[in-house]
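In: Sequence and computational prediction follow.
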Amino acid sequence: MMYISKFKKINDKKGYTLVELMFYIALFSLLSMAIISTFITMSKAFKETTIQADLLQSSNILERISREVRQAYDINFISATDLRLNTIESNNRTIILRFVLSGYNIQVYQDDVFIGNLNIPSIEVTSLSFTQITTAQGKGVRITLSTRSNRDSLSRTYDFYSTAALRGSY
Amino acid sequence: MEFNSKLKISKQRGSMMVEILVVAAILVATTIVALEVAHKSIYVARQSLHQSQAAFLLEEGVEATRIVRDNAWSQISGLSLSTNYYLSFSGGTWVLSVTPSTIGIFTRTVVFSSAYRDGSQNLASSGTLDAQTKLITVTVSWLEGTQVLSKNLKFYITDLFS
């Protein structure tokens, strides 16, 4: 009687431990899978927000060009990727400001002296287009810009559009 | 004695189970929250880029309408009020038409309304009709996920040159 009961007890305990172990292993693997996939998603999200933040910087390029076009009094030269503006600086000096696409960068020149790139290094300008608009009263420039981030493995491009009338030409 | 020891084991196992469940629940909740944050951050980042693109389209809408005015005031005075017009670039200049058009995911509409002046000739929401001025509302709308977002800009344009 005692012998049987002892045997039963040992057997009982062992069975539970195996089921428990299997349950814990299953639970552990499920949880670790969930945690790993969360880490992957979070790192993807971080990369995506970095790319979007880069691209948001490209709005500064267009803002700068539009502002300079508005302040200019005449267009010196215009082609699809090259714009030269006659503009007056604050000290009444006339200067030629040039925006030109070179490779993936938009370069700024002032009186043929290279000033720098308008885009930040992580931004690639894939296309730039200047179109002159001539109205009965003056001139304007339509600017279209496509950019992408060099961090983006999908190489998605985003388009920005702007038109500015030369206030100085009125 | 034997019954007691069995009870003890069983009791211990029960409390372990509760602990495991609590830990699992905390981990699951943390994971869900982290995923939520990740998704929200992507959504917000994309939305802010779209907002910036839309802001440029709005600004362009204003400048383009100004260019239409510079071409001829009749191109503005001849338009119907409270009607959606769409800007298109053709023949080297901006033109307004009622044919709907989109720019990528964005839709831009231009609506003209009458402008009024008060007793001291200032622009007002009511008063004497000024036929030489129009109130213009440019709206840019786009689909963000399942939600339609829109931005608009109101400005006055005056017949300066005729």
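Out: Looks like it came in fine. Numbers count the residues shown, from 1 in each chain, chains lettered A, B, ... in the order given.
In: Grab the nearest non-local neighbour of residue A:97.
Out: Using CB to CB, 6 or more residues apart in numbering or on different chains and skipping the chain neighbours, the partner closest in space to residue A:97 is residue A:85 (4.8 Å). For every residue, glycine as well, the C-beta is placed using N, CA and C.
In: For the host helix or strand of that neighbour, give the mean pLDDT please.
Out: Secondary structure assignment for residue A:85, by DSSP states H and E: strand A:82-88. For strand A:82-88, the mean pLDDT works out to 94.
In: need the contact list for the nearest residue to residue A:124 once chain neighbours are set aside.
Out: Spatially, and ignoring its direct neighbours in sequence, residue A:124 is nearest to residue A:104 (3.8 Å; CB to CB, 6+ apart). Contact analysis of residue A:104 by CB atoms under 8 Å, 6 or more residues apart in numbering or on different chains lists A:119, A:124-126.
In: picking that back up, show me what the strand holding residue A:85 packs onto, helices and strands only.
Out: In terms of contacts (3 or more CB pairs under 8 Å, 6 or more residues apart in numbering or on different chains; DSSP states H and E), strand A:82-88 is packed against helix A:2-71, strand A:74-79, strand A:94-102.
In: What is the neighbour count of the nearest residue to residue A:152 once chain neighbours are set aside?
Out: Leaving aside its chain neighbours, residue A:152 sits nearest to residue A:51 (4.8 Å; criterion: CB to CB, 6+ apart). Counted with other CB atoms under 10 Å in any protein chain shown, the neighbours of residue A:51 add up to 22.
In: Grab the longest strand from chain B for me.
Out: For chain B, the strand with the greatest residue count under DSSP state E is strand B:128-144.
In: and the residue most central in space within chain A, what is it in contact with?
Out: Taking CA atoms, centre = their mean, the centroid of chain A lies closest to residue A:55, which sits 2.2 Å from it. By CB under 8 Å, 6+ apart, the contact set of residue A:55 is A:123, A:147-149, A:158, B:49.
In: how much space between it and residue A:108?
Out: Counting by CB to CB, to the nearest Å, the separation of residue A:55 from residue A:108 is 20 Å.
In: my guess is the residue nearest to residue A:152 contacts residue A:153, does it?
Out: No. Between residue A:51 and residue A:153 there is no contact, the gap being 9.4 Å when judged by CB atoms under 8 Å.
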